[in-house]
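> need a 3D model of the sequence below.
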Amino acid sequence: MITFEEHGSQVVLTYESDGFISTAWVDEKLKANDHVTLSRVFTVQKADLLSSEGDEDFGEDVRRFVIGIVNGDYRTMNCPARSCRRRSTSST
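Numbers count the residues shown, from 1 in each chain. So this is what the prediction gives:
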């Protein structure tokens, strides 16, 4: 399942396993290719992956990726990971 959330000034895509298949395949693709395509639509990079440290909602079968930034009433999607993180930390 894929959901979208705002975490501060970041737009985050959350990929959660459906219970039948773990997210290990995501980790394997990221390790091998530095990117993975989820649901044949969303391509994310290893650099987009958020750390799970200190996040109790972060289960073994959940991966979160920064895919954009929040700027007032607007959302900018698909900006490069480093750019998204730089803008989000500088605006807070």
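
> please settle this for me: is Trp25 part of a helix?
Yes. Assessed by DSSP: H, G, I helix; E, B strand; the rest coil, Trp25 belongs to a helix.

> now it: how far from Phe65?
Distance, Trp25 to Phe65, using Cβ to Cβ, to the nearest Å: 15 Å. For the C-beta atoms, the positions are set from N, CA and C on the backbone; glycine is no exception.

> ok, these two, which is more surrounded?
It is Phe65, of Trp25 and Phe65, that has more neighbours when counted by other Cβ atoms under 10 Å, with 24 against 11.

> how near is the most centrally placed residue in the chain to Leu49?
Centroid check for the chain by Cα atoms, centre = their mean gives Phe65 as the closest residue, at 0.8 Å. According to Cβ to Cβ, Phe65 and Leu49 sit 6 Å apart.

> what does Tyr15 give?
Counting by Cβ to Cβ, the gap from Tyr15 to Leu49 is 10 Å.

> any common contacting residues for these two?
Jointly contacting Tyr15 and Leu49 under the rule Cβ atoms under 8 Å, 6 or more residues apart in numbering are 63-65.

> list just the nearest of these to Thr37.
Distances from Thr37 to the shared contacts of Tyr15 and Leu49, taken as Cβ to Cβ, are shortest for Phe65 (11.8 Å).

> I figured that closest one hits Tyr15, correct?
Yes. The pair Phe65 / Tyr15 is scored as a contact, 7.4 Å apart, by Cβ atoms under 8 Å.

> wait, Ile60 sits on Ala24?
If you look again at residue 60, you'll see it is Glu, not Ile. No. Glu60 is beyond contact range of Ala24, at 9.1 Å (criterion: Cβ under 8 Å).

> if we can go back for a sec, next, format the shared contacts of Tyr15 and Leu49 as CSV and append pLDDT, secondary structure and distance to Val11.
Shown next, in CSV, are those (pLDDT from 0 to 100; DSSP: H, G, I helix; E, B strand; the rest coil; distance: Cβ to Cβ, whole Å):
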residue, pLDDT, secondary structure, distance to Val11
Arg63, 93, strand, 15
Arg64, 94, strand, 11
Phe65, 94, strand, 10
